[in-house]
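Colleague: Model the following, please.
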Amino acid sequence: MSGHSKWATTKHRKGAKDSARAKVFAKLIRQVEVAAREGGGDANTNAALRTMYQKAREASVPLDTIERAIKRGTGELEGVRYESISYEGYGPSGVAVIVETLSDNRNRTSSEIKHLFGRNGGAIAEPGAVSWQFERKGVLEVAGPLDEDQLLEWIMEAGAENYEVNGQNYTVTTEPHALGSVREALEQQQLKVLSAELTLVAQNTIPVSDEAEVKKVLRLMDALDDHDDVQNVYANFDISDKLLASFEG
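Modeller: Below you'll find the model as predicted:
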């Protein structure tokens with residue numbers, strides 16, 4: 001949520017605590033399954049599956065668990081059919097929020113997401129009311145320190161758009177279709193890619209500096225993120241590192 005890195009303000013991620021490990025696994029497995037269903041089970045030809053496969057492995061999801069999820073997606077094994085549903089809304093301080101879910105029961109999920117917004121100082125909005133404020137991008141986190149001139153040369157050659165300093169690391173932004181090829185190019189230069197994902201980037205952010213309002217915003221983010229059907233939560237708030245640490249430390 002650092003003001004130093006604009007993309008990081010758009011997605012609230014608490015990180016995988018031990019107590020939440022099973023829930024993190026379940027969400028990743030569901031995404032692998034859906035990617036396989038929509039694009040086939042071959043990660044070499046299905047970019048979405050390749051990305052989710054890598055993400056699951058980076059989170060230490062067991063290989064056999066991932067492979068079973070792929071087989072459920074392709075129909076080789078029986079499984080639940082999930083539907084992708086996105087919700088748009090506003091949180092405290094007028095923060096714009098987008099929630100991406102995978103659900104096997106649209107009515108239940110819609111009712112519960114609406115309830116979470118209302119209970120935590122927010123409100124559901126009509127489709128399109130919020131999404132215009134975000135852009136789909138590929139985002140990679142690259143470990144530093146690095147020679148920034150050399151990094152810029154490498155990412156431009158790879159087809160990336162730009163980079164930002166993010167603490168001791170670097171955040172590289174790409175067009176969605178270029179995420180995989182940019183990752184491969186950076187790894188060929190022996191750079192350590194800490195994460196690579198498709199995300200929504202806010203075109204403009206809303207500074208939130210009042211402690212009471214920060215608490216309300218984060219409470220809504222946590223409530224949405226904890227829901228079993230929710231895969232991603234994006235918002236356009238900008239909270240300083242120091243203030244954020246005081247609530248998440």
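
Colleague: Count residues in the vicinity of Asn162, would you?
Modeller: 11 (other C-beta atoms under 10 Å). C-beta coordinates here come from the backbone N, C-alpha and C atoms, glycine included.

Colleague: contacting residues for it?
Modeller: Asn162 makes contact with 155, 172-173, according to C-beta atoms under 8 Å, 6 or more residues apart in numbering.

Colleague: Between these, which sits nearest Ala143?
Modeller: Val172 (11.5 Å; C-beta to C-beta).

Colleague: Quick check: that closest one is in a strand.
Modeller: Yes. Remark: Val172 belongs to a strand, assigned using DSSP: H, G, I helix; E, B strand; the rest coil.

Colleague: tell me the contacts of it?
Modeller: So Val172 contacts 139-142, 155, 160, 162-163, 182, 186 (C-beta under 8 Å, 6+ apart).

Colleague: Name the residues of the top helix by length along the chain that are buried.
Modeller: Looking across the chain with DSSP state H, the single longest helix is helix 21-39. Residues of helix 21-39 classed as buried: 24-25, 27-37, 39 (neighbour count, 16 or more other C-beta atoms under 10 Å).

Colleague: Repeat that for stretch 67-74.
Modeller: Buried-residue list, stretch 67-74, by 16+ other C-beta under 10 Å: 68-74.

Colleague: Same check on stretch 167-175?
Modeller: 169-174.

Colleague: Same check on stretch 101-108?
Modeller: 101-103.
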